[in-house]
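Q: Okay, sequence plus prediction incoming.
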Amino acid sequence: MLYLTHFPQKHIPWNKGKLIGQKPPLKLKEIWAIRIHLQIANRIRDLALFNLAIDSKLRGCDLVKLKLRDVAHGNHIAKRTMLLQQKTQQPVQFEITKQTRDTLSVWIKHANLKSDDYLFQSRLKNSPHLSTRQYTRIIESWVSQIGLDPADYGTHSMRRTKVALIYRRTKNLRAIQLLPGHTKLESTVRYLGIEVDDALEMSEQTEA
């Protein structure tokens, strides 16, 4: 008599082959490499999107939903603006540097945007603005074009970049806690991964 034995289907971990952990922020030289590449390629929208992503430190879901009225008053782009975050429902304020204001002005004029228009509209008919998935793919194209592995970077890389640069320059956690809209200092520490980075940095500088 033949007995059939049932073997359960082998479970494949969801993270098999994927990079686990926080996505690293961009370094200063990488920021400029991407900017130069976008300028040479005359990618007006992407340059405005990249600069605003760095300045705003917003989550992807908030960045893609920005409208012209959120950053400008009439024809004047604000130096600072405030936004209610979708995830936390907490307001966060961010600066818009001159470089970003300039690239936004060029994009707004090029796209002929009106006050109630989304800043970064989708080319897909069923979406009025870029989706977070589209934004992720755009980031992957940016980093791959300067020789970085796109699997290592994502939307949170953009969100963390300026905060990480400020921390490296000042080491002032209290000052940068508010920038990404964190209510707890512990969240900022975990977000930046600075305890691990600082420990490794001190280890590298210490001879045994």
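A: On my side now, so go ahead. Numbers count the residues shown, from 1 in each chain.
Q: Going by C-alpha atoms from here, please, whenever you check contacts or count neighbours.
A: Fine.
Q: For the lengthiest helix in the chain, buried residues please.
A: The single longest helix within the chain, with elements called by DSSP state H, is helix 155-170. For helix 155-170, the neighbour count (16 or more other CA atoms under 10 Å) marks Thr155, His156, Ser157, Met158, Arg159, Arg160, Thr161, Lys162, Val163, Ala164, Tyr167 as buried.
Q: Now do the fifth one against Ile77, distance only.
A: Look at Arg159 and Ile77: by CA to CA, to the nearest Å, they are 21 Å apart.
Q: Which residue would you name as the spatial centre of this structure?
A: The centroid of the chain falls nearest to Met158 when counting by CA atoms, centre = their mean (2.5 Å).
Q: Tell me if I'm right that it and Ile54 touch.
A: Yes: checked against CA atoms under 8 Å, the pair Met158 and Ile54 is within contact range at 5.8 Å.
Q: low-scoring stretches of the protein, by residue?
A: 1-21, 171-208 (pLDDT under 70).
Q: just the strands in it please.
A: Applying DSSP state E to the chain gives strands spanning 72-73, 76-77, 80-84, 91-95.
Q: Which one of these lies nearest to Lys27?
A: Nearest of the strands of the chain to Lys27, taken as CA to CA: strand 91-95 at 19.6 Å.
Q: what lines up beside the closest one in the sheet?
A: Strand pairing for strand 91-95, using DSSP bridges, gives strand 80-84 (antiparallel).
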